[in-house]
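>>> Below are the sequence and a predicted model; questions follow.
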Amino acid sequence: MKQELHQEPAADLGMLEIQGRLRQLEQRDLWLWGAAIVVMLLLILAVVSFSLPALAQEESPFSVHHLDQAVQGLLGLVLLFSIHVIYQLILVRRLRRQLAHQLEIIARQELRTEQLRQLVLTDPLTGLYNRRFLEQHLVVEIARSRRQDYLLSVLMLDLNDFKQINDCYGHSAGDLVLTHFAIHIRKAIRSSDIPIRMGGDEFLVLLPECRPEQVLSVLSRLHGLEVEHHGRKIPFAFSAGWAACQPDDGPKQILERVDQALLTDKLTGKTQQELNRLEAQIRQAEKMEAVGRLAGGVAHDFNNLLMVIRGYTELLLSRADQSDSLSASAKEIQKAADRATALTQQLLALSRKQVVQPQVLDLNAVVADMDKLLRRVIREDIERVTLLKPGLGRVKADQGQIEQIIMNLAVNARDAMPKGGKLIVETSNVELDEGYVSSHPVVTPGSYVMLAVSDSGAGIDQETQTRIFEPFFTTKENGKGTGLGLATVYGIVKQSGGYIWVYSEPGQGTTFKIYLPRIEETDEKAKLEEAIAPPARGSETVLVVEDEMSVRRLTRQFLEENGYRVLEAIEGCEALRISNQHKGPIHLLLTDVVMPQMSGRELAHSLVPLRPEMKVLYMSGYTDDAIVHHGLLEQDIAFLQKPFTLDALAHKVRAVLDARNGK
Ligand SMILES: Nc1ncnc2c1ncn2[C@@H]1O[C@H](COP(=O)(O)OP(=O)(O)OP(=O)(O)O)[C@@H](O)[C@H]1O
Ligand SMILES: [Mg+2]
C-alpha cells in the first residue's frame, strides 16, 4: 500500500505538467489568431492611410505614386507575419513532442503501478492470491454468482502437521511443501477457479459453478502428495472444509461456515478417510479390470480348445457303440470338458465379457426353479426359507447368470454355517430415491427388484468386507475356495446394470443385497423360439471363416456330414477372395468375430452387399464391441456362443438359413 501511495503524487505531477503544456499550446494558438487579426487590422489601416491623402486631393486613391509605398509596406507586414507564424509553429511542434513524451512516461508509470498493485495482492512464496485479494474479491464473486445464477463453492484447506515438518526438517522444507502444495492446487482446479493462500499453511479456493459433491474429486487429485528435500521424502496431507454459498450469504457468513467445516474435519479426519476410500476403490477397479482382461483373454483361447475337445468327443460318441468301453471313456472326456466350459464361463462372467442373451425374467420363478438344485448343495442342518414378494416386477437378465449368482451366494452361506443355521432368499420391489443415493453415490435413482440372500453364519468383519469381491480373494483353506465366487457375482451384477451391497457383522450373519433395474415389458417370445427346434440337415453352401485351424476343421467336417457344402477360409481377406472365385451361390457366412486384420463384422459388411441373399451367423467366445455392446447382442444378429455343441451348431445353421424364407 505504501508503494501505491508513493506512486500517486508522481502521476499527479505528470498530469499537472501536461495540463500546463496544454495551456501553453492554447496560448500559442491564441497568439497566432491574435497576430493574424492584428495583421489584418494593420493591412486595413495601411490601405485607409494610403487612400486618405488622395481623397483629400480628390485624386484616385490608387495613384501610382502611393501604390508603390503601399505595396512595400504590405510586403513588409506579410514578411513579418510569416516569420512570426513559422516561429509559433516551431514552438507548437516542440510542445507537442514534449507532450507525447510526457504521456509515454505516464503510461509506463501506470503499468508499474498496476504491477505493484498485483504484487500487493499475491503471495510472494506461492504466487497465489493472498488474503487481501480475498477481502476485495469475494464480494464481487458472490455478486456475480447471484447475477449469473450459478452455485459458488468455497473450499478451505489446511496442511496437517505443518509445524512438525518445520521443526523436523527446517523452514526450507516447510516452504518447499507450501510451494509444492500450491502447484498441485493449481493443477487440480479449473482455470476459472481462484486459489488463494490465506497465510501460514491455510489455503482457500473459490470454485464457481461447482456443487459441494464435486469438491471431493478435486481433493482426490491432492491426495498422497510428498516432496523430496535433501534426498528425503516428506509426505504431507491436509484437512479440508467446504460449503456452497447460500442465497443470503455475505462473505462473512460463507467464510464462517467453511471455517467451521474445516475445524470439524481437523477433529474427525473425515476427508482423508474419504480420500483413502476413494483411492482404494479406484485401485480395486483397476485390479478387477486387469484381472478381467487377463481372464477374458485366457477364456477366449480356452473356448476354442474346448470346442474341439467337445466336438470330436461328440463325433466319437455318435459313432461308437454305446456298450463299448471307448464310449464310456469318451463320456468321461465329455463330462470333464463340460466342467471346464463352466469354469471358462465363470472367468468370462467375472471379466464381464460373457455374451449374455438377456430376457425378461421373473426372479420369483427363477428362485423357485432353483429350489431343487439348492437342495442338492445345501445340507440338511440348514433351514431354507424363501420369501418371495407377490407381484414382483420383471428384470431383464440372463437366466443362467442369475442362477449362477444365487448358487454362488448360497454356497458361500452354507460354508459360513458349518454347524447349521438358516438361509433366507428374499425378493421385493424397491424404489431407490434421492435419499438412498446420497448415501450410495454410485446408484442411479429408480425402480429396482431386490434379491437378498441372508445367512445366520459367521459373518464378515469390516476389513474382510472391503476385499471379498476381489478375484481370488478367499479365506478358505488351500484347495477349498478359488475366491472367484463373489467376483463372478459382482461381474454379472455390474453387467446387468445393477448394484450389490453386503451387510454383515462378525457372529451376526451376512446379507447380500442385489438390486437389478425393474422393467415393464413382458416377453415370452424367446422361450417359444427355443421350443420349435428346426431339423438339422441341409444341402446349402456355407462359407466358414475361422482362424483357429482345429475349430475350422471340426466345423467343416461336421457340416459336411450333415449334407452341407463347405468353403473354408482362415481369415477375412481369404474369405473375400474365395467368394469372388466361387461361381455358385453362398447361402451362409459362418464367421468367427475376433480375428486378426479383419473382424467378422467387417467381413460381413464387405460381403453382404455383393451377395444379398447370403445370411450371416457369427460365432465367438467372448464379447467384442464389433457385435455386442456391454455384452448385449445387437438386435437381428445371429450369434452362436463358443464353445457350442455340434447339435447346437446344426440347429442354429438351419434356423438362420430358414429365416431367409421369411419364417
Ligand atoms: N455368507 C458369507 N459369510 C461369511 N463369509 C463370506 C460369505 N460370503 C463370502 N464370504 C467371504 O468372502 C470370501 C470370498 O468369497 P468368494 O465366494 O469370492 O470365494 P470363496 O467362496 O472363498 O471361493 P469360491 O467361491 O471360488 O469357491 C470367502 O472366502 C469368505 O471369507
Ligand atoms: Mg464362494
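On my side now, so go ahead. Ligands and ions are numbered 1, 2, ... in the order given.

>>> Please name the nearest non-neighbouring residue to Met39.
Let me fix one detail, which is that residue 39 is Val and not Met. Phe81 (4.6 Å; C-beta to C-beta, 6 or more residues apart in numbering). The C-beta positions use only the backbone N, C-alpha and C, and glycine is treated the same way.

>>> Show me how far the strand or helix carrying that neighbour is from its chain's centre.
Element membership of Phe81, judged by DSSP states H and E, is helix 64-121. Taking C-alpha atoms, centre = their mean, to the nearest Å, one finds helix 64-121 lying 67 Å from the centre of the chain it belongs to.

>>> Going C-terminal from it, what's the next secondary structure element?
strand 129-130.

>>> Which is the succeeding secondary structure element to that next one?
Downstream of strand 129-130, the first helix or strand assigned by DSSP H and E is helix 131-147.

>>> Please tell me I have it right and the residue nearest to Val39 contacts Ala35.
Yes. If you go by C-beta atoms under 8 Å, Phe81 and Ala35 touch, sitting 6.6 Å apart.

>>> which bits of this protein sit near ligand 1?
Proximity of the chain to ligand 1 (C-beta under 6 Å from any ligand atom) is limited to residues 408, 412-413, 416, 455, 457-458, 460, 468, 473-476, 481-487, 510.

>>> Could I have the buried ones of these as ChimeraX selection syntax?
Of those, the buried ones can be selected in ChimeraX as follows, counting by 16 or more other C-beta atoms under 10 Å:
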select :408,412,413,416,455,457,458,460,468,473,474,481,484,485,486,487,510
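
>>> Just the ones in strands from the residues of the chain next to ligand 1, please.
Asp455, Thr510 (DSSP state E).

>>> Could you tell me which of the residues of the chain next to ligand 1 are located in helices?
Asn408, Asn412, Ala413, Ala416, Gly485, Leu486, Ala487 (DSSP state H).

>>> Now the first one. Nearest residue, chain neighbours left out?
In this structure, Asn408 finds its nearest non-sequential neighbour in Gly485, 4.2 Å apart by C-beta to C-beta, 6+ apart.

>>> quick one, what contacts that neighbour?
Applying C-beta atoms under 8 Å, 6 or more residues apart in numbering to Gly485 gives the contacts Asn408, Val411, Asn412.

>>> Looking at those residues, which is nearest ligand 1?
Nearest to ligand 1 among the contacts of Gly485 is Asn412, at 3.4 Å by C-beta to the nearest ligand atom.

>>> Do you know the pLDDT at the closest one?
Reported pLDDT at Asn412 in the predicted model: 95.

>>> just the one 10 residues further on next, same as before
Taken from the predicted model, the pLDDT recorded for Lys422 is 94.

>>> And for Phe62?
For Phe62, the model assigns a pLDDT of 55.

>>> do Ala452 as well
At Ala452, pLDDT is 95.

>>> do the same with Val139
93.

>>> Now do it against Glu202, distance only.
20 Å (C-beta to C-beta, to the nearest Å).

>>> In terms of neighbours, single out the busier of these two.
Per other C-beta atoms under 10 Å, whichever of Val139 and Glu202 has more neighbours is Glu202, with 17 against 12.

>>> Leaving aside the residues adjacent along the chain, what's closest to the more buried one?
In space, Glu202 is closest to Asp158, 5.2 Å off (C-beta to C-beta, 6+ apart).

>>> Now do that neighbour against Cys168, distance only.
19 Å.

>>> Between these two, which is the more surrounded one?
A side-by-side neighbour count of Asp158 and Cys168, using other C-beta under 10 Å, places Asp158 first with 20 against 12.

>>> circling back to that earlier point, of the ones in helices among the residues of the chain next to ligand 1, which is the nearest to Leu176?
Using C-beta to C-beta, Ala487 is the member of those that lies nearest Leu176, at 43.3 Å.

>>> Can you tell me the strand partners of the longest strand anywhere in the chain and which way each runs?
Ranked by number of residues, the top strand in the chain under DSSP E is strand 421-432. Strand 421-432 has its sheet partners listed here by DSSP bridges as strand 382-387 (parallel), strand 446-455 (antiparallel).

>>> With distance to Gln27 as extra columns, can I get those in CSV?
Shown next, in CSV, are those (distance: least, C-beta to C-beta, whole Å):
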stretch, distance to Gln27
strand 382-387, 106
strand 446-455, 85
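
>>> what helix or strand is Ile31 on?
I think there's a mix-up here, since residue 31 is Trp and not Ile. Trp31 belongs to helix 2-56, assigned by DSSP H and E.

>>> Give me the mean pLDDT for that helix.
The pLDDT scores in helix 2-56 average 71.

>>> do the same with stretch 309-329
Mean predicted confidence for stretch 309-329 is 84.

>>> how about the longest strand of the chain: buried residues?
For strand 421-432, by 16+ other C-beta under 10 Å, it's Gly421, Leu423, Ile424, Val425, Glu426, Thr427, Ser428, Val430, Leu432.

>>> same check, this time on stretch 272-283
Buried, per 16+ other C-beta under 10 Å, within stretch 272-283: Gln272, Glu274, Leu275.

>>> what's the answer for stretch 501-518, then?
Buried, per 16+ other C-beta under 10 Å, within stretch 501-518: Ser504, Gly509, Thr510, Thr511, Phe512, Lys513, Ile514, Tyr515, Leu516, Pro517, Arg518.

>>> quick one: low-confidence parts of the chain?
Counting by pLDDT under 70, the chain shows low-confidence ranges at 1-14, 53-67, 350-357, 435, 437-442, 521-535, 621-636, 660-663.

>>> Can you give the domain ranges for it?
For the chain, automatic domain parsing gives the domain ranges 2-121, 129-268, 280-350, 359-519, 533-659.

>>> Tell me how many other residues surround Asp480.
You called it Asp, but residue 480 is Lys. If you count neighbours by other C-beta under 10 Å, Lys480 ends up with 9.

>>> and the residue positioned nearest the centre of the chain, helix, strand or coil?
Of all residues in the chain, the one closest to the mean position by C-alpha atoms, centre = their mean is Ser217, 11.5 Å from it. Secondary structure state of Ser217, per DSSP: H, G, I helix; E, B strand; the rest coil, is helix.

>>> I'd like the distance between it and ligand 2.
34 Å (C-beta to the ion, to the nearest Å).

>>> now Glu213
35 Å.

>>> Distance-wise, check that residue relative to ligand 1.
The spacing between Glu213 and ligand 1, counted by C-beta to the nearest ligand atom, to the nearest Å, is 31 Å.
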